[in-house]
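Chemist: sharing a sequence plus its predicted fold:
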Amino acid sequence: MEGIIDEVISKDSSFYSRYLIGKARHVMHKARQKELAPYHLSPQQVQILFNLYILHKTTLAELARYSNRGINTLSDQMTMLEKGGLVKKVRETPKSTLLSFELTEKGLNTYNHTNERKKADKEIMSVLSEEERQQLISLLKKVIDKAEEYDSTKSA
């Protein structure tokens, strides 16, 4: 069945490119989910841990910007990570309403373990040479930039 779909949509290179980007994202996401299963974390949650590791301490709004997630979605994820003892909320000043988030010791350890085990991404991308990966990065950045430009002009 998949061959028929590929054959039909491959006639429109714009649509087929979009289809293949989505398919690549989906199968890579599934591989990372499988890799993270022992930790009971999703790839999105590990991405949050990565962002917190890099940013050290940050607000929900800033984290949403770096995570490419909406604040409500991110808030739910942060609640789950907080319940798991991986992140903690910190008030900027004792009576402030501004909250920041940071990794706990458990969160830092979990981040380190999950970061060490990123074998799926490395193995999957190993089919490309370093030069091909750099070309892919450049091409995807162009597509992303154009999509963001299109989105900002159409939603205004």
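Modeler: Happy to help now that I have it.

Chemist: so what does the least confident helix or strand in the chain by mean pLDDT touch, helix or strand wise?
Modeler: Every helix and strand of the chain was ranked by mean pLDDT, DSSP states H and E. The lowest is helix 2-9, at a mean of 73. Applying 3 or more CB pairs under 8 Å, 6 or more residues apart in numbering; DSSP states H and E, one finds that helix 2-9 contacts helix 13-36. Glycine gets a C-beta too; all of them are placed from N, C-alpha and C.

Chemist: next, the buried residues of the helix or strand just after the helix it packs on.
Modeler: Going down the chain from helix 13-36, the next helix or strand is helix 43-55, by DSSP states H and E. Burial within helix 43-55, assessed by neighbour count using 16 or more other CB atoms under 10 Å, is assigned to 43-49, 51-52, 55.

Chemist: residue farthest from the centroid of this protein?
Modeler: Residue farthest from the centre of the chain, counting by CA atoms, centre = their mean, is Lys95 at 33.0 Å.

Chemist: my read is that residue is in a strand, agree?
Modeler: No - assignment of Lys95 by DSSP: H, G, I helix; E, B strand; the rest coil gives coil, placing it outside any strand.

Chemist: how near is it to Lys89?
Modeler: 15 Å (CB to CB, to the nearest Å).

Chemist: and Ser152, by the same measure?
Modeler: For Ser152 relative to Lys89 (CB to CB), the value is 32 Å.

Chemist: those two - which one has more neighbours?
Modeler: Remark: of Ser152 and Lys89, Lys89 carries more neighbours, 12 against 9, as counted by other CB atoms under 10 Å.

Chemist: so that one belongs to a helix, correct?
Modeler: No - the assignment for Lys89 by three-state DSSP gives strand, which leaves it out of any helix.

Chemist: give me the beta-bridge partners of the closest residue to it other than its chain neighbours?
Modeler: Nearest non-adjacent residue to Lys89, counting by CB to CB, 6 or more residues apart in numbering: Leu99, 5.0 Å away. For Leu99, the beta-bridge partners under DSSP bridges are Arg91.
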